[in-house]
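A.B. asks: the sequence and its predicted three-dimensional model are supplied below.
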Amino acid sequence: MLHPDGGQQLIYQSIPSLFRGRDSITRPTNPKRVPARATDRLHEGAGSVVTWYLLLIILTVALIVVPASAENQVNASALRHEPRVVHIGVFVVDFSRFSVAEGTVETNFYVNLRSDSPVSISDFEIMNGHTTSIDTILNTPNEKNYRVFAVMDADLDLSHYPFDNHTIPIVIEPKLLSEQSLVMVIDKGKTGIGTEANLPGWEFTGNSYTITNQSYVTDENPYSRAVFSYGIRRDTASTILKFFLPMMLIIIVSLSSLMMKVSSRLGLNASMFLAAVLIHWRISDAIPLVAYATFLDFFMIITYATLVMVLVSGILIIMFTESKDTGRVDLVYHWSIRIIPVLSIGLYFLLFLTLMTT
């Protein structure tokens, strides 16, 4: 006999086989619960479709949003790495108290800073000196003007002393930002030196303004550096009057004593030698000890050689005079008056010639 619900039972038996993939048909133990299980299967199928739709929508949004955000990041990165440009100008009012012995000079100058973004002197520092005071003249977000009083260090070259030339630099760098973040440009309209600038005993020879970069550690990003250089040289007239005139008088007196045959000549030459030593000591005390010979050193070597030759000739004349050897006295007198002045003047000429050619 057929079960009253035989048709329905067959349907129920076929549903599990479809979902489970079984070849045999198993009769459920509780036929009343089969419709609920079929409903759950249908709900699960509908849920899977919804889940796939959501995943597809999320993937589509990601494909649209990620390239746009990447492009924005690239643009932001480019903007972030573009260096900020700061226009800087330095106008020197005056120099004072230039000390060759210490290699320092006091100066006061105006610093003008201008940029498209806010800028301040606190972002910069003087690399070859220290400031004593800073007064703010102009204070706007994108432009500042300051009056600075500072003590600068100068790298002195004393090879031609006392005819020496020097360069007084003012070197300014950012404190923290490398040239990848900040680049300086010389503002020529705000840069120069005052017409009343004066450094007693020195003459100005010219100015130069350059932008360079400086690295302090290997493989480090360099820093933008603004260098304002001011050339000076010692006043020639003052040098001749204070140093070379006394030394030339000593040399002239000493060479003139070669024409003397009396014993008092030795005392005169000895006093000239001591005077030369005192003048040399006084002038050398005004400069620091250096590891090379200066023009002054070569000049004094020739001077000492001249004075020693005059002294030796005087000693020989006195010694031969006391021994009554007039022939040798005449011989020393004859050659000393002809050789010593020519040799001394020739050496001085060559020394000054090398000074003019360098």
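C.D. replies: Perfect, I can see it now. Numbers count the residues shown, from 1 in each chain.
A.B. asks: checking the nearest residue to residue 194 once chain neighbours are set aside next. Helix, strand or coil?
C.D. replies: Closest residue to residue 194 apart from its sequence neighbours, by CB to CB, 6 or more residues apart in numbering: residue 93 at 5.1 Å. For glycine as for every other residue, the C-beta is placed from the backbone atoms N, C-alpha and C. Three-state assignment for residue 93 (DSSP: H, G, I helix; E, B strand; the rest coil): strand.
A.B. asks: tell me the helix or strand right after the helix or strand containing residue 203.
C.D. replies: Here residue 203, judged by DSSP states H and E, is contained in strand 202-214. Later in the chain than strand 202-214, the nearest helix or strand by DSSP H and E is strand 223-234.
A.B. asks: against which helices or strands is that next one packed?
C.D. replies: Packing partners of strand 223-234 (3 or more CB pairs under 8 Å, 6 or more residues apart in numbering; DSSP states H and E): strand 84-99, strand 165-174, strand 182-186, strand 202-214.
A.B. asks: out of those, which is closest to residue 285?
C.D. replies: Checking the helices and strands packed on strand 223-234 against residue 285 by CB to CB gives strand 84-99 as the closest, at 12.7 Å.
A.B. asks: ok, the closest one: who's next to it in the sheet?
C.D. replies: According to DSSP bridges, strand 84-99 forms sheet pairs with strand 104-115 (antiparallel), strand 182-186 (parallel), strand 192-193 (parallel).
A.B. asks: now that strand: buried residues?
C.D. replies: By neighbour count on 16 or more other CB atoms under 10 Å, the buried set for strand 84-99 is 86-92, 95, 98.
A.B. asks: and what of stretch 114-127?
C.D. replies: Under 16+ other CB under 10 Å, the buried positions of stretch 114-127 are 114-115, 119, 121, 123-124, 126-127.
A.B. asks: quick revisit: export the buried residues of strand 84-99 to a markdown table and tack on pLDDT and distance to residue 350?
C.D. replies: Output for the buried residues of strand 84-99, formatted as a markdown table (pLDDT from 0 to 100; distance: CB to CB, whole Å):
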| residue | pLDDT | distance to residue 350 |
| --- | --- | --- |
| 86 | 95 | 52 |
| 87 | 96 | 51 |
| 88 | 96 | 47 |
| 89 | 96 | 46 |
| 90 | 97 | 42 |
| 91 | 97 | 44 |
| 92 | 96 | 39 |
| 95 | 93 | 35 |
| 98 | 91 | 31 |
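A.B. asks: ok, and the closest non-adjacent residue to residue 296?
C.D. replies: residue 161 (5.3 Å).
A.B. asks: contacting residues around that neighbour?
C.D. replies: 100, 287, 294-296 (CB atoms under 8 Å, 6 or more residues apart in numbering).
A.B. asks: so how far is whichever strand or helix holds residue 147 off the chain centroid?
C.D. replies: Assigned by DSSP H and E, residue 147 belongs to strand 143-153. Distance of strand 143-153 from the chain centroid (CA atoms, centre = their mean, to the nearest Å) equals 17 Å.
A.B. asks: that one pairs with which strands?
C.D. replies: strand 104-115 (antiparallel), strand 129-140 (antiparallel).
A.B. asks: can you name the next helix or strand after the host helix or strand of residue 254?
C.D. replies: Per DSSP H and E: residue 254 is located in helix 245-256. For helix 245-256, the following helix or strand on the C-terminal side (DSSP H and E) is helix 264-284.
A.B. asks: other residues contacting that following helix?
C.D. replies: Contacts of helix 264-284 (CB under 8 Å, 6+ apart): 162, 243, 246-247, 250, 253-254, 257, 260, 296, 300, 303-304, 307-308, 310-311, 314-315, 317-318.
A.B. asks: and if we set it to 7 Å?
C.D. replies: Contact with helix 264-284 is made by 162, 243, 246-247, 250, 253-254, 257, 296, 300, 303, 307, 310-311, 314-315, 318, as judged by CB atoms under 7 Å, 6 or more residues apart in numbering.
A.B. asks: next one: stretch 198-213
C.D. replies: With CB under 7 Å, 6+ apart as the test, stretch 198-213 has contacts from 94-95, 98, 165, 179, 184-186, 191, 193, 222-235, 238.
A.B. asks: just the CA coordinates of that stretch, formatted as CSV?
C.D. replies: Below are the C-alpha coordinates for stretch 198-213, written out as CSV (Å, rounded to 0.1, in the frame of the first residue of the first chain):
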residue,chain,number,x,y,z
ASN,A,198,85.4,101.7,8.0
LEU,A,199,88.1,99.5,9.6
PRO,A,200,91.0,101.5,11.0
GLY,A,201,94.3,100.5,9.5
TRP,A,202,92.6,98.4,6.7
GLU,A,203,91.2,99.0,3.2
PHE,A,204,88.3,97.1,1.6
THR,A,205,89.2,95.3,-1.5
GLY,A,206,85.8,93.8,-2.6
ASN,A,207,82.8,91.8,-1.7
SER,A,208,81.3,88.5,-2.9
TYR,A,209,78.1,86.7,-2.1
THR,A,210,77.5,83.0,-2.9
ILE,A,211,75.3,80.1,-2.0
THR,A,212,77.0,76.7,-1.4
ASN,A,213,76.1,73.6,0.5
